[in-house]
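structure of the sequence below:
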Amino acid sequence: MRRLRNTKIVATLGPASSDYATIRALHEAGADVFRLNMSHGSHDEIRERHSIIRKIERELDSPIAILADLQGPKLRVGTFAKGEEVLSEGQAFRFDLAEAEGDATRVTLPHKEIFDALEVGSQLLVNDGKIRMKVTACGPDFADCEVTTGGTISNRKGVNVPDVVLPLAALSDKDRADLEFVCQLGVDWLALSFVQRPADVEEARTLAGGRAAILSKIEKPAAVKAFDDILNASDGIMVARGDLGVELPVHAVPPIQKSLVRKCRNAAKPVIVATQMLESMIESPMPTRAEVSDVAAAIYEGTDAVMLSAESAAGSYPVEAVRTMDNVARSVEGDPLYRDIIEASRRNIKGTVADGIVAAAREIAETTDIKAICCYTDSGTTALRVARERPRVPIIAMTARRGTARRLCLSWGTNCVMTAELERFKQAVVNAARAARTGGFATEEHQIVVTAGVPFNQTGTTNILRVAPCNERLIFATDPG
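Numbers count the residues shown, from 1 in each chain. From the prediction side, this is the model:
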């Protein structure tokens, strides 16, 4: 399905969007990628949602990407004898490994790894940062703290430790089981939660074995510090502003978001901006002006995709939330200032022959009357390079690999078209012209730019650029065009 925008929309599925009619309505309203949150839902529920998405994909003959978001290690306190306690600023409080239920002076923190990493002066944040504590003394099985921001602490609330790199694997036993399950199902992207170091990404890549692309969620200060190495190890990035806004000062998040989006674009790797984008639409059919501005800001920055979480998974207005994002994206991309910002932030990448060809394709398309850039891609790398250029004309990504077409649904501006494996460049030009005509990108009177690599069906061989008329046809008696 051709979109009238370049920015992609990721919609999370959940109780409010688990049936065929709603999922199809979400896709038709603008959802390009569906997120399966492995923190919620049984394997049977995940399997059913996956099956529905693939059914819709077959019916519409339109590639759809599926992203499985692994839960990651969850750090939580134990339980309290009274269910909850109120902590006051300045009071002492202890975390330990004792199994007894908590009270106003202590509670179990069943994660020895935290105690091994803590130092005097470290911060502990409880319940999304609503309660803040500073470590005054610590050992292998305890941490004495002073409450710096008080509040109500209750059973199994989450804990964040922003000051240290925790000796925790990014994948828990549950994550490993979930990873194998969704890879066997056939998802396209795996999102890793609480990544701290490149090694976390490599472990997931080894387990995935090429069955899915790896997307790292940036939600910890350690990940921000190690971002360049994490980006190099990943296929894509999610700027997950929920935990990031807990572990860092909230005013630090916007410039970090802008920096990470820019780095991802320069690396030609897709990036999603996520969390609380249209939060009020969980309960309201209309977003706030601030939320619309937040979505628009991410699009002006050049993000590949924006994401809905609870808005589409558990909210009362999931389809309306997708339509809102679609409308915001179309409005922003129609603003002349958007093009000024996008083009001012473009870098001249001096690298491979393929980099030079896609840059030339964009330049030709923008200085002549070209209607589309059609790129043949085996692994998706060429299409990602074209997307990095953020051209003014549509990108048609032609591939013989279904998995490549699906993964590219996350990438800015890509319109993915399946094609047969080719042997000659002439066939590539003819198929590209046909795809441009069929998709409504051009008519027979127009021209397109075609890029490809010879020999075909090999990764990293982009070496040809041609300006072709859209009336190109093979002069064979069996020509279907």
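
use CA for all of it now, contacts and neighbours both
Will do.

let me see the domain layout of the protein.
8-73+169-332, 84-160, 353-469 (automatic domain parsing).

let me see the contact set for residue 114.
166-167 (Cα atoms under 8 Å, 6 or more residues apart in numbering).

after the host helix or strand of it, next one along is what?
Per DSSP states H and E, residue 114 falls inside helix 112-117. Downstream of helix 112-117, the first helix or strand assigned by DSSP H and E is strand 123-126.

tell me what that following strand is packed against?
Secondary-structure packing of strand 123-126 (3 or more Cα pairs under 8 Å, 6 or more residues apart in numbering; DSSP states H and E): strand 131-139, strand 159-160.

could I get the ones you listed as TSV with mean neighbour count?
Shown next, in TSV, are the helices and strands packed on strand 123-126 (neighbours: other Cα atoms under 10 Å):
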stretch	mean neighbour count
strand 131-139	19
strand 159-160	20
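
which among those is found nearest to residue 33?
Closest to residue 33 of these is strand 159-160 (Cα to Cα; 29.3 Å).

that closest one pairs with which strands, parallel or anti?
strand 123-126 (antiparallel) (DSSP bridges).

picking up where we left off before, dump the domains of the chain to CSV, plus distance to residue 344 and mean pLDDT.
CSV is the format used below for these (distance: least, Cα to Cα, whole Å; pLDDT from 0 to 100):
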stretch, distance to residue 344, mean pLDDT
domain 8-73+169-332, 11, 96
domain 84-160, 37, 95
domain 353-469, 11, 93
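
let's have those domains in JSON lines, adding distance to residue 346.
Converted to JSON lines, those look like this (distance: least, Cα to Cα, whole Å):
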{"stretch": "domain 8-73+169-332", "distance to residue 346": "8"}
{"stretch": "domain 84-160", "distance to residue 346": "36"}
{"stretch": "domain 353-469", "distance to residue 346": "7"}
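
can you point me to the longest helix in this protein?
The helix that spans the most residues within the chain, counting by DSSP state H, is helix 43-60.

from the contact counts, what lies against that helix?
Packed next to helix 43-60, using 3+ Cα pairs under 8 Å, 6+ apart, are helix 20-29, helix 173-185.

pull the residues that contact the last one.
For helix 173-185, the surrounding residues in contact (Cα under 8 Å, 6+ apart) are 38, 43, 47, 50, 68, 70-72, 190, 207-208, 211-212.

again, only this time at 7 Å
70-72, 208, 211-212 (Cα atoms under 7 Å, 6 or more residues apart in numbering).

give me the sheet partners of the helix or strand just after it and which way each runs.
The helix or strand immediately downstream of helix 173-185 is strand 189-192, counting by DSSP H and E. Sheet pairing of strand 189-192 (DSSP bridges) gives strand 65-69 (parallel), strand 213-218 (parallel).

out of these, which comes closest to residue 237?
Of the strands paired with strand 189-192, nearest to residue 237 by Cα to Cα is strand 213-218, at 4.9 Å.

who's in contact with residue 197?
223, 226, 230.

what count of nearby residues applies to the last one?
Read that as residue 230. For residue 230, the count of nearby residues is 26 (other Cα atoms under 10 Å).

what separates the residue positioned nearest the centre of the chain from residue 33, distance-wise?
Nearest to the mean C-alpha position of the chain, by Cα atoms, centre = their mean, lies residue 272 at 3.8 Å. Between residue 272 and residue 33 the computed distance is 11 Å (Cα to Cα, to the nearest Å).

do residue 257 as well
21 Å.

quick one: which of the two has more around it?
More crowded of residue 257 and residue 33, by other Cα under 10 Å: residue 33, with 28 against 20.

which strand residues bridge the more buried one?
Beta-bridge pairing for residue 33 (DSSP bridges): residue 10, residue 65.

before we move on, which element is residue 40 in?
Using DSSP H and E, no helix or strand contains residue 40.

what about the closest residue to it other than its chain neighbours, neighbour count?
Once flanking residues are discounted, residue 40 sits nearest to residue 14: 7.9 Å by Cα to Cα, 6 or more residues apart in numbering. By other Cα under 10 Å, the residues close to residue 14 number 23.

may I see the buried residues of stretch 215-235?
215-224, 227, 230-231, 233-235 (16 or more other Cα atoms under 10 Å).

what about that stretch, how long is it end to end?
End to end - Cα to Cα - stretch 215-235 spans 6 Å.

tell me which residues are up against it.
162, 165, 189-198, 201-202, 213-214, 236-241, 243-244, 247-248, 269.

quick one on the thing from earlier: buried among the contacts of helix 173-185? Make that a ChimeraX selection.
Buried members of those, defined by 16+ other Cα under 10 Å, are picked up in ChimeraX with:
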select :70,71,72,208,211,212
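
show me which of the contacts of helix 173-185 is closest to residue 149.
residue 72 (26.9 Å).

any idea how far residue 97 is from the closest one?
Residue 72 sits 21 Å away from residue 97, going by Cα to Cα.

so how many other residues sit close to residue 86?
Using other Cα under 10 Å, residue 86 has 11 other residues around it.

in three-state terms, label the residue nearest to the centre of the chain for me.
strand (DSSP: H, G, I helix; E, B strand; the rest coil).

now the strand or helix carrying residue 290: buried residues?
In the assignment (DSSP H and E), residue 290 maps to helix 289-301. Using 16+ other Cα under 10 Å as the test for burial, helix 289-301 gives 291-292, 294-296, 298-301.

what do you get for stretch 451-464?
Neighbour-count burial for stretch 451-464, counted by 16+ other Cα under 10 Å, picks out 451-453, 456-457, 460-464.

if anything else comes up later, I'll come back, but that's it for now.
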